[in-house]
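Asks: Pasting the sequence and the predicted model now:
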2 protein chains.
Amino acid sequence: MMKTLYKFLLAPGPTPLPEEVRLEGAREITHHKHPAAKKMFRKVTDDMKWLLGTKYDSYLLASSGSGAMETAVQNLINTGDKVIIINAGNFGGRWVKINKAYGANVVEIKKDWGDMATPAELDAVLKENPDTVAVFCQLSETSTGACSDTEGFAKIVSKTNAILVVDGVSGIGVVPLKMDEWNVDVVVGGSQKGMMLPPGMAFICMNEKAWKLVENNKQHKFYFDLKLFQKKLVDNETPWTPPIGIIYQADKAFEMMKAEGLENVWARSTKLAKGIRTAMKAMNLELFAKCPGDAVTTVKVPDGVDGKKVTSVIRDKYGVTIAGGQGDFTGKIFRLGHMGYMDMYSELACLAALELTLKELGHKFEIGSGVSAFMKEMAQE
Amino acid sequence: MMKTLYKFLLAPGPTPLPEEVRLEGAREITHHKHPAAKKMFRKVTDDMKWLLGTKYDSYLLASSGSGAMETAVQNLINTGDKVIIINAGNFGGRWVKINKAYGANVVEIKKDWGDMATPAELDAVLKENPDTVAVFCQLSETSTGACSDTEGFAKIVSKTNAILVVDGVSGIGVVPLKMDEWNVDVVVGGSQKGMMLPPGMAFICMNEKAWKLVENNKQHKFYFDLKLFQKKLVDNETPWTPPIGIIYQADKAFEMMKAEGLENVWARSTKLAKGIRTAMKAMNLELFAKCPGDAVTTVKVPDGVDGKKVTSVIRDKYGVTIAGGQGDFTGKIFRLGHMGYMDMYSELACLAALELTLKELGHKFEIGSGVSAFMKEMAQE
């Protein structure tokens, strides 16, 4: 069996870091109130506007993406408020759990995993629930790879008094999001997916419509209290010590993304995801998501193959980390990320490892069919 | 004027990183569910026991130290619960703010900044308030440099039904804390002080007495819900993506601290702080804290000197970052940290820069008196 040396991380987060970003991680720490650090903080905060397509400031948090999700609920939703949640996977389910934890009156639009609600469905449920305060959705549902028509959701919600809160954790910097143009009210995200950064920084961005809810919010809160963040941002500071190391890394990652161009960053994941989908079919594999997005490709574990072994063999024998399924789909699907610092070579490595892994585990297909189909896609204009 | 090249960070957090720790920060990211990452997570969690002097697990959070403070309140205190808070500075005040944000019935033992409550005072207030659920204090009050008799507090509180919650953010790894031996129930801390790590990781550790309160807690919560952390730690995981980069850096920092020995780590800050205190006096400066601790030395800005200029001139002209005062003491004191990766050389650099800065700002003292007094202390056995 081919011995491999390199390691590849193709899970849907955390994702690999470019060397330039990693080396920023070896810098000495600067005090966060040093003028140079505050300048850097403002620069990265401004770059967030570019990334999200908005004129509004993002608030940078020392937390994981789930902390930013909690920030949204804790600052926007009062106990008893009615919310609509599009729940088509683990992270839709997380919106449900957080909202219930804060006593919201939750109306779920529940879809099978792999499926996704449509704007028309949301429209109907919103009309039945005109007292809805907020609608929660995922830009990309990481657990299933299903894309969502966030632009379509925003069109519907923006005509009502409700706000649209988008979990962009695994979608931002991977698939298109144009916050202001689409009328998205709130976006949350984390550092370790499309942003080519280590885990540890998250963010929330909101427009005036959402800020009105913050003003009237009565939840107990402190660490994630956005009013405190707003007050401090005037001086390019945060109420608590920020993850300053990641801020410096973010500056470098933004430099790289800006050099590539945001449309090109999105196009890169589109092309890689398309290539991977084609390769899966060529390897006699079936895609899981009914409306597959370009951030994560989810694939059904073929009959006769032990799904848990797919992720462990490819990792332990071939050095490639991919993700298995979550919840009820543990062992039934595997997930390949196309987020952040990914290119033709990393996807090829993933395919090569997957071919050898699946062959070893008894799946019937022709060795080389995956990489060959992928390269045909890459060769297209 | 002497041109300087090197930069030194001697604020009471964030603190400098050893090169070994910084280089770990340049590593590629490992998926947090990779067996190697889980093993590392367990190792660091076990090392936390060594650091805190406890048999109990710490829960590692992606947040700043303030997030760990919120975790304590959100998991331990129900709305309406009576709490006693020793408030002798900015971080005592932070305990008050967080507890009030969660609707606690706050009894304050309020002391002037620079002063600190005694165990006898706490005993009296506890006797007046036998329905107290928890007592909150600081191991070291970062804003004033005052030390606290945490061991004495614990002796009092452990005889009651209340628990003692210690903010160890700026004290852990700097001044002695022996959680189990002293009967401290809850300790919170952050990465960027005595632990020689970048900001972005925090922790909370609690014993069975405290866990009973967690079981009965009714606050709305999610991101900082310790029951979720407890459930995941069985598999050496966290409910949300952990700051895995800092976990790897922590392993290296623990390796260094263990090689030095915890008693020696504490003794190093004791010796440096003593040297700095002696130097301050030799430079005709007055200490601010009535009971100065070894984590932070606070010094009164001498008459006729512009206090805000002290911190900016020493930083911009001499490359040394120290901290000014907080709250009402902005411009009236300055603060020198003795936390983490500090030694004779870094303190000497600080003193040299401070001598030139204060001379320039008009303070009367003999140039060289600070470094010379400091070296006399260093030469002692």
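Replies: Ah, there it is.
Asks: got the residues of the stretch 201-350 of chain A near chain B?
Replies: The stretch 201-350 of chain A has residues A:201, A:219-225, A:239-246, A:315, A:321, A:323 near chain B, with proximity defined as C-beta under 8 Å from any C-beta of the partner chain. Backbone N, C-alpha and C define where each C-beta goes, glycine included.
Asks: same question but for the stretch 51-200 of chain A, I mixed them up
Replies: Contact residues, the stretch 51-200 of chain A versus chain B (C-beta under 8 Å from any C-beta): A:62-67, A:69-70, A:73-74, A:79, A:97-98, A:101-103, A:190, A:192, A:198-200.
Asks: how does it look with 7 Å?
Replies: Counting by C-beta under 7 Å from any C-beta of the partner chain, the stretch 51-200 of chain A comes close to chain B at A:62-64, A:66-67, A:70, A:97-98, A:101-103, A:192, A:198-200.
Asks: Residue ranges in chain A under the pLDDT threshold?
Replies: A:1 (pLDDT under 70).
Asks: that older thread, of the residues of the stretch 51-200 of chain A next to chain B, select the buried ones using a PyMOL command.
Replies: To isolate the buried subset of those in PyMOL, counting by 16 or more other C-beta atoms under 10 Å in any protein chain shown, use the following:
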select buried, chain A and resi 62+63+64+66+67+70+97+98+101+102+192+198+199+200
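Asks: Quickly check the residues of the stretch 51-200 of chain A next to chain B for the two that are furthest apart.
Replies: Of all pairs drawn from these, the greatest distance, 33.9 Å, lies between A:Gly103 and A:Pro198 (C-beta to C-beta).
Asks: Out of the residues of the stretch 51-200 of chain A next to chain B, list just those in strands.
Replies: When DSSP state E defines the strands, the subset of these inside them is A:Ala62.
Asks: ranges for the helices of the stretch 51-200 of chain A?
Replies: Assigned by DSSP state H, counting those that start in this stretch, the stretch 51-200 of chain A shows helices spanning A:65-76, A:90-101, A:119-128, A:150-157, A:179-182.
Asks: so of those helices, which one's packed in deepest?
Replies: Highest mean neighbour count of the helices of the stretch 51-200 of chain A: helix A:65-76, a mean of 28 (counted as mean count of other C-beta atoms under 10 Å in any protein chain shown).
Asks: Now render the helices of the stretch 51-200 of chain A as a markdown table, adding distance to A:Glu208.
Replies: Compiled in a markdown table, these are given as follows (distance: least, C-beta to C-beta, whole Å):
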| stretch | distance to A:Glu208 |
| --- | --- |
| helix A:65-76 | 13 |
| helix A:90-101 | 23 |
| helix A:119-128 | 21 |
| helix A:150-157 | 15 |
| helix A:179-182 | 11 |
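Asks: so which of those helices comes closest to B:Asn264?
Replies: With respect to B:Asn264, and counting by C-beta to C-beta, the nearest of the helices of the stretch 51-200 of chain A is helix A:65-76 at 36.3 Å.
Asks: gap between the closest one and the chain center?
Replies: Its chain's average C-alpha position is 15 Å from that of helix A:65-76, according to C-alpha atoms, centre = their mean, to the nearest Å.
Asks: do the same with stretch A:207-224
Replies: Mean C-alpha position of stretch A:207-224 versus that of the full chain (C-alpha atoms, centre = their mean) differs by 23 Å.
Asks: Now do it: everything it contacts.
Replies: Applying C-beta atoms under 7 Å, 6 or more residues apart in numbering or on different chains, the external contacts of stretch A:207-224 come out as A:56, A:61, A:67, A:70-71, A:74-76, A:78, A:102, A:163, A:185-186, A:226-227, A:240, B:63, B:66-67, B:70, B:97-98, B:101-103, B:219-220.
Asks: can you do 6 Å?
Replies: Outside stretch A:207-224, the residues that touch it by C-beta atoms under 6 Å, 6 or more residues apart in numbering or on different chains are A:56, A:71, A:74-76, A:78, A:163, A:185-186, A:226, B:66-67, B:70, B:98, B:101-102.
Asks: for stretch A:319-331, same thing?
Replies: When contacts are defined by C-beta under 6 Å, 6+ apart, stretch A:319-331 is touched by residues A:4, A:7-12, A:90, A:143, A:307-308, A:311, A:314-315, A:332-336, A:350, A:353, B:31.
Asks: rerun at 7 Å
Replies: For stretch A:319-331, contacts defined as C-beta under 7 Å, 6+ apart pick out A:4, A:6-12, A:90, A:113, A:143, A:301, A:307-308, A:311, A:314-315, A:332-336, A:349-350, A:353, B:31, B:34.
Asks: Can you tell me how far A:Ala379 is from chain B?
Replies: When C-beta to the nearest C-beta, to the nearest Å is applied, the distance between A:Ala379 and chain B equals 30 Å.
Asks: what about that residue, neighbour count?
Replies: Here the neighbour count serves as a burial measure; for A:Ala379 (other C-beta atoms under 10 Å in any protein chain shown) it reads 8.
Asks: Equivalent analysis for A:Asp46, please.
Replies: In terms of burial, A:Asp46 registers 12 neighbours under the definition other C-beta under 10 Å.
Asks: now A:Thr270: how far from B:Met201?
Replies: Distance from A:Thr270 to B:Met201, counting by C-beta to C-beta, to the nearest Å: 35 Å.
Asks: Confirm that A:Tyr6 lies within a helix, as I assumed.
Replies: No - following the definition DSSP: H, G, I helix; E, B strand; the rest coil, A:Tyr6 is coil and is not counted among the residues of a helix.
Asks: so how far is A:Pro12 from it?
Replies: According to C-beta to C-beta, A:Tyr6 stands 20 Å off from A:Pro12.
Asks: same deal with A:Asp303?
Replies: With the distance defined as C-beta to C-beta, A:Asp303 ends up 24 Å from A:Pro12.
Asks: Between these two, point out the one with more neighbours.
Replies: With other C-beta under 10 Å as the criterion, A:Asp303 and A:Pro12 differ in neighbour count, and A:Pro12 comes out ahead with 24 against 9.
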